[in-house]
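Chemist: model this:
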Amino acid sequence: MAIVDVFNVSGSGMAAQSLRLNTTASNIANAESVSADPADTYRARYPVFQASLNNAMDAQEASTAVTVPGIIESDKPLNMRYEPDHPYADDKGYVAYPNVSVVEEMANMISASRSFQVNVEVMNTAKTLSERLLTLGQ
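Modeler: Here you go, the predicted model:
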C-alpha cells in the first residue's frame, strides 16, 4: 500500500463520517416534526457504508476506500403519542411523531465525530511519516 492510499482511505472515511454527521443532524432537527398524514411523517435516515476496492491494472496497485452507496430510512414504527387536542390527531387522539430517538442520534453524532477525528489523526501521522522519509536522504 502506497502512502497516497493512506490519504485516500482516510479522506474517503472523513467524507463518509461527514455525511453521517449531516444525516444525524437532519434526524435530530426533524425529531419533533409531525404531518397530517402518518405516511408523510419523517422517518430516521441512516447512511450505509461500504468498503470498495479500486482495482488498478495489477493487484499490487489496488486500493480501498469508503463509499456510501445510499441512505436508508428506518423501518421502526412511528412514535404514537396521545394528544387528542392536536390538530393532526387521528380519530383515537394519537399523533404520529418521527421514529427518531434523540439519545441514539446523539450517540451516533459522538461516534461519527470521533471517527472523523481518528481519520484526521491518520492523515497527520501519514504526513509526518512522509516528511521524515524525505529527510532520510539528507
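Chemist: Report the central residue of this protein.
Modeler: residue 20 (1.7 Å; CA atoms, centre = their mean).
Chemist: Surely that one and residue 110 touch.
Modeler: No. Counting by CB atoms under 8 Å, residue 20 does not reach residue 110; the two are 11.3 Å apart. C-beta: built from backbone N, CA, C; applies to glycine.
Chemist: Can you list the strands that the strand or helix carrying residue 69 pairs with?
Modeler: According to DSSP states H and E, residue 69 maps onto strand 63-73. According to DSSP bridges, strand 63-73 forms sheet pairs with strand 45-54 (antiparallel).
Chemist: Only the buried residues of the partner strand, if you could.
Modeler: Buried residues in strand 45-54, defined by neighbour count with 16 or more other CB atoms under 10 Å: 46, 47.
Chemist: And for stretch 75-82?
Modeler: Buried, per 16+ other CB under 10 Å, within stretch 75-82: 78, 79.
Chemist: count of neighbours near residue 40?
Modeler: The number of residues packed near residue 40 is 9, by other CB atoms under 10 Å.
Chemist: Backbone dihedrals for it, please?
Modeler: Residue 40 has phi and psi values of phi -90, psi 0 when expressed as degrees, to the nearest 10.
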